[in-house]
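# Build me a model:
(one chain, ligands or ions: 2)
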Amino acid sequence: MRQLIDPQSSLTRAAPPRNTQAHESAVGHVTGRASYTDDLHQPAGLLHLAVGLSPSASGRITRLDLAAVRTAPGVVRVLTAADIPGHNEVGAVFPGDPLLAEDSVRYHGQPIFAVVASSLRAARQAVTKAIIEIDDAAPLLDPVEAIATHQTVLPKHVQRREHNRVVVAEEQRDKPLARLESAPLQVAGELFIGGQEHFYLEGQIAMAEPWEDDGIRVLTSTQHPSEVQKLVAEVLALPLHAVVAEVRRMGGGFGGKESQAAAVGVMAALAVVTTGRPVKFRMPRETDMKVTGKRHPFHNRYQVGFDHSGVIQAARIELIGDCGHSPDLSAGVVDRAMFHASNAYYLGDSLVIGHRAKTNTASNTAFRGFGGPQGMLPIENAIDDIARTLNLDPLEVRKRNFYAPGRDVTHYGQQVEQHLILPLVEQLERDSDYRTRRQQIAAYNRTSPIIKRGLALTPVQFGISFTAPHLNQGGAMLRIYTDGSVLANHGGTEMGQGLHTKVCQVVARELGIALDDVRISATRTDKIPNTSPTAASSGADINAMAARRAALTLKERLFEFARRHYDLEEGTLALEDNALTATTLAGAPFRLAWAELIQQAYLNRISLAAEGFYATPKIGYDPTTARGRPFFYYAYGAAATEVEIDTLSGEHRVRRVDILHDVGDSLNPAIDRGQIEGGYIQGLGWLTTEELKWNERGQLMTSGPSTYKIPAYSDAPIDFRVSLLSGHPNSEATIYRSKAVGEPPLMLAISAWAALRDAIASLDGYRSNPRLNTPATPEQVLLACQAMRAQVANQAAAAPSEELP
Ligand code: MTE
Ligand code: MOS
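Ligands and ions are numbered 1, 2, ... in the order given. Next up is the predicted model:
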């Protein structure tokens with residue numbers, strides 16, 4: 001009988017790691033008491049908003065008749081672009097995103113008008129009464145065709161390293177690579193990589209209300225409150241100090257609320273200024289899925305030259321990102337894909353080209369990994385191809401190509417300094433029993449004609465920092481009240497990832513007080529100004545460091561006061577266990593409870609509020625020379641995934657996953673494990689089940705959970721073993737030598753896709769290389785199996801003596 005839960009599985013290994021605190025809202029999350037934007041106060045006279053969407057993906061608006069909308073029951077106001085007092089632009093970095101379409105539309109589902117009504121139902125019903133006529137143009141939906149016809153949202157970028165130097169002259173960069181042509185062996189191919197819907201459990205939402213005289217307050221579910229504030233101000237032609245944006249928590253963001261929450265907040269705010277009443281805007285899931293952008297689909301090509309031992313000598317990797325109709329964050333997304341085209345491997349002479357295709361879909365945006373995952377897939381595909389070409393174990397080829405001392409400069413010139421990938425992979429190889437299991441799987445496959453198994457162990461090397469340098473800054477503010485309790489604010493937002501918990505832990509540790517004595521409330525732009533989005537996994541790196549600096553300022557002030565006030569010996573003061581301890585000048589031990597210390601400091605007029613600021617050091621990348629150090633450091637990880645496929649139906653499942661992941665000295669092992677497990681499963685969904693389909697008119701056909709399949713509980717690997725790499729603090733001085741953990745684990749799921757290819761390749765004795773586009777749905781796996789069987793049959797016909805596997 002099959003054992004359902006392996007005793008080794010982390011599901012049954014209950015003992016929690018030490019120094020692990022539960023997420024600050026854990027109880028609230030599971031009891032339903034934690035409130036989200038929709039649960040917050042409902043002001044008197046609250047109105048609701050709904051948007052009217054374009055029924056066409058491309059064309060000129062020839063008729064917009066809203067008369068019946070205006071007279072529909074409950075309607076208070078109908079808004080079009082003409083109602084905007086400032087500019088009609090909510091683009092994140094570059095312009096190109098009108099809040100409401102003016103005379104043309106660029107994607108199916110683009111908002112054209114909005115209705116403000118006394119109830120949500122009235123608003124949504126009124127929307128259906130619009131008459132919209134569009135002079136349709138054929139939509140452009142294929143990114144490859146877009147690049148062929150020069151339809152781009154931004155220019156291409158090229159990185160090249162040759163003869164151990166980054167080539168900085170732009171006109172030199174795009175030439176053919178000599179070393180690639182002369183390499184003894186070559187693999188080449190192309191790979192289509194699907195996008196991904198964020199499927200945050202809480203949809204996009206904002207509630208705006210009049211604030212002070214002519215100001216606006218926006219309660220929003222966004223990863224980037226400062227951008228909501230800025231765009232509300234610009235669209236309404238207000239100064240920034242008249243707008244406050246506030247986020248208590250999000251029910252998930254995953255990148256989907258980095259830039260694209262702004263339009264929702266701005267829409268609500270526009271309705272507030274035109275009606276003078278508070279307005280809430282939330283969309284039905286289907287609308288949310290149609291209106292907002294997704295992970296960028298990519299179409300990638302690779303050509304890799306290598307020697308007879310499988311060592312890569314040269315690589316040309318071309319990445320075409322499907323950006324949708326506007327730039328949004330695509331500059332950064334395609335750049336990050338390019339930076340990750342080598343993943344953990346030294347490519348030798350290398351040429352990486354990134355294109356930003358413009359198509360008639362919603363504008364694709366940030367999604368956990370921010371292009372990194374799409375960038376890594378081609379080289380992982382190529383490495384497996386190399387292994388099968390040479391009849392080597394893929395893991396062996398991976399190891400031979402890792403960045404290592406002497407082979408440690410990336411194609412953009414950053415030196416890899418912490419050589420963790422090889423020891424990490426070797427530890428996982430042992431812990432997962434990789435060698436033995438590969439043999440067992442090969443033996444199983446020889447005797448199992450229909451069901452085939454596959455196993456792959458793949459690495460992740462993910463760069464940490466925003467690649468836009470100015471975003472690598474953060475602020476925090478601490479206040480100590482007279483009872484000794486501490487209120488913390490910082491620029492980061494909480495989306496479930498545990499950032500507030502980590503920041504509270506840091507403050508409590510510095511001040512030597514209990515975690516319960518520190519509280520973080522909402523993130524507000526009037527408390528911490530000019531914040532960066534909580535993104536690029538750097539939330540804790542930046543904000544916990546800023547909070548620590550504020551805590552150190554307070555600590556210094558308190559020490560200075562106590563030393564004078566109580567005649568204490570300099571250098572003996574410490575804050576721990578909710579008390580100040582020291583030695584008096586007379587040499588006697590001294591102890592004062594934290595609350596008493598604070599009370600005395602207050603009575604003696606010592607400031608109990610402080611700010612902290614942090615800017616990440618060392619980083620900088622120059623796009624004109626395509627060279628620099630975009631990342632403060634790299635986070636590492638590896639996963640070994642075993643899958644099983646049914647070669648007659650293409651159905652597959654994950655049998656076992658072993659993960660070893662590097663978080664430096666973990667700030668909170670429980671939260672980090674949660675991020676690793678969640679990231680892996682989200683990556684598994686992206687690569688195997690979540691399929692976005694548009695029809696030829698550019699209409700999204702998979703706009704709900706009935707057709708769009710995110711992983712469910714039953715898709716989680718039954719045997720799921722997650723470990724944190726221990727004994728390797730960050731080599732850079734990050735907060736307590738920890739490492740960022742939000743995004744990197746998503747890419748561990750690439751091992752599942754590689755394992756599927758491995759299982760398919762068993763059909764011809766691991767000799768040829770199946771093409772497996774993503775998501776590798778049962779349909780894709782079946783097609784790949786059929787292609788492989790056809791090839792085997794052809795070979796058999798050509799050489800009748802050979803036996804069929
Ligand atoms: N975890 C949860 N539970 N919910 C989320 O929305 N977003 C991910 C990751 N983990 C996300 C999450 C993304 S895309 C990023 S960039 C990071 O968290 C952001 O938070 P951090 O910088 O604090 O890690
Ligand atoms: Mo995460 S994709 O950087 O919001």
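# hey, what's the closest residue to residue 744 other than its chain neighbours bridged with?
Among residues not flanking residue 744 along the chain, residue 462 sits closest, at 4.0 Å (CB to CB, 6 or more residues apart in numbering). In short, each C-beta sits where N, CA and C put it, glycine included. On the basis of DSSP bridges, residue 462 is bridged to residue 635.
# What's the local residue count around residue 462?
31 (other CB atoms under 10 Å).
# can you list the residues of the stretch 251-400 of the chain near ligand 1?
Contact residues (CB under 6 Å from any ligand atom) of the stretch 251-400 of the chain with ligand 1: 252-255, 368.
# Most neighbours among these, please name it.
Busiest of those [other CB under 10 Å] is residue 253, holding 31 neighbours.
# residues touching that residue, list them.
By CB atoms under 8 Å, 6 or more residues apart in numbering, the residues touching residue 253 are 198, 200, 221-223, 261, 493, 495, 534.
# if you set the cut-off to 6 Å instead, what comes out?
223, 495 (CB atoms under 6 Å, 6 or more residues apart in numbering).
# In the protein, what residue lies closest to ligand 2?
residue 255 (2.8 Å; CB to the nearest ligand atom).
# Report the buried residues of the lengthiest helix in the chain.
When the chain is parsed with DSSP state H, its longest helix is helix 539-566. By neighbour count on 16 or more other CB atoms under 10 Å, the buried set for helix 539-566 is 539-551, 553-555, 558-559, 561-563, 566.
# Describe which strands the helix or strand that it is followed by pairs with in its sheet and in which direction.
Using DSSP states H and E, the next helix or strand after helix 539-566 towards the C-terminus is strand 574-576. Strand 574-576 has its sheet partners listed here by DSSP bridges as strand 579-583 (antiparallel).
# Contacts for the partner strand, please.
562, 568-569, 572-574, 590-594, 597.
# ditto for stretch 55-70
Here stretch 55-70 has contacts from 78, 103-105, 107-108, 115, 126, 129-137, 139, 360, 698, using CB under 6 Å, 6+ apart.
# Which positions in the stretch 501-650 of the chain make contact with ligand 2?
Counting by CB under 6 Å from any ligand atom, the stretch 501-650 of the chain sits next to ligand 2 at 535-536.
# quick revisit: any idea how far the residue of the chain closest to ligand 2 is from residue 372?
11 Å (CB to CB, to the nearest Å).
# cool, residue 272 as well?
38 Å.
# go on, residue 590?
Taken as CB to CB, the span from residue 590 to residue 372 is 52 Å.
# More neighbours: those two, which one.
Each of residue 590 and residue 372 has its neighbours counted (other CB under 10 Å); residue 372 has more, 24 against 19.
# The more buried one: what's it in contact with?
Contacts were defined as CB under 6 Å, 6+ apart; by that measure residue 372 touches 336, 340, 462.
# same check, this time on residue 295
Each residue near residue 295 by CB under 6 Å, 6+ apart is listed here: 195-196, 367.
# what comes up buried for stretch 491-510?
Neighbour-count burial for stretch 491-510 flags 491-510 (criterion: 16+ other CB under 10 Å).
# measure it end to end?
Stretch 491-510 has its terminal residues 19 Å apart, counting by CA to CA, to the nearest Å.
# What lies in contact with it?
23-24, 223, 247, 249-250, 252-253, 474-475, 488, 490, 515, 518, 520, 523, 528, 531, 534, 539-540, 543-544, 547-548, 551, 667-668, 671, 742.
# Residue most distant from the centroid, the chain?
Of all residues in the chain, residue 586 has its C-alpha farthest from the mean position, at 56.6 Å, by CA atoms, centre = their mean.
# So that residue, which state does it fall into?
Under the three-state scheme (DSSP: H, G, I helix; E, B strand; the rest coil), residue 586 adopts coil.
# Which of the helices or strands spans the closest residue to residue 762 other than its chain neighbours?
Leaving aside its sequence neighbours, residue 762 sits nearest to residue 445 (CB to CB, 6+ apart; 4.3 Å). If you go by DSSP H and E, residue 445 is part of helix 434-447.
# Flag every residue of the stretch 301-450 of the chain that's near ligand 2.
366-368, 370.
# now those residues in JSON lines, with secondary structure?
Output for these, formatted as JSON lines (three-state DSSP):
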{"residue": "366", "secondary structure": "coil"}
{"residue": "367", "secondary structure": "coil"}
{"residue": "368", "secondary structure": "coil"}
{"residue": "370", "secondary structure": "coil"}
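# Show me what residue 315 is bridged to.
residue 304, residue 350.
# Return the residues in contact with it.
With CB under 6 Å, 6+ apart, residue 315 has these contacts: 304, 347, 350.
# Could you check how far it is from residue 188?
10 Å.
# Tell me the secondary structure of residue 680, please.
Going by three-state DSSP: residue 680 is helix.
# Can you get me a residue count around it?
Residue 680: 29 neighbours (other CB under 10 Å).
# How about residue 171?
Neighbours of residue 171 (other CB under 10 Å): 7.
# For residue 158, see how far away it is.
10 Å.
# ok, now residue 660?
On the measure of CB to CB, residue 660 and residue 158 end up 35 Å apart.
# Pick out whichever of the two has more residues nearby.
Counted by other CB under 10 Å, residue 660 and residue 158 do not tie: residue 660 has more neighbours, with 27 against 19.
# Secondary structure element holding the more buried one?
Counting by DSSP H and E, residue 660 is found in strand 652-661.
# now residue 60
Using DSSP H and E, residue 60 falls in strand 59-65.
# Only the buried residues of the helix or strand just after that strand, if you could.
For strand 59-65, the following helix or strand on the C-terminal side (DSSP H and E) is helix 67-70. For helix 67-70, the neighbour count (16+ other CB under 10 Å) marks residue 69 as buried.
# roughly how far out does helix 67-70 sit from the chain middle?
In this view, helix 67-70 has its centroid 41 Å away from the chain centroid, taken as CA atoms, centre = their mean, to the nearest Å.
# residue in the stretch 1-150 of the chain nearest to ligand 1?
Closest point on the stretch 1-150 of the chain to ligand 1, by CB to the nearest ligand atom, is residue 23, at 9.1 Å.
# residue contacts, that residue?
By CB under 6 Å, 6+ apart, the residues touching residue 23 are 498, 501.
# residues in contact with whichever residue of the stretch 451-600 of the chain sits closest to ligand 1?
For the stretch 451-600 of the chain and ligand 1, the shortest gap (CB to the nearest ligand atom) falls at residue 539, measuring 2.4 Å. Applying CB under 6 Å, 6+ apart, we find residue 539 in contact with 492, 499.
# Also residue 202?
Taking CB under 6 Å, 6+ apart, one finds 36, 221, 251 in contact with residue 202.
# so where is the protein shaky, pLDDT-wise?
For the chain, residues meeting the criterion pLDDT under 70 lie at 1-19, 800-805.
# The same query, at a cut-off of 50, please.
The chain contains residues with pLDDT under 50 at 1-18, 802-805.
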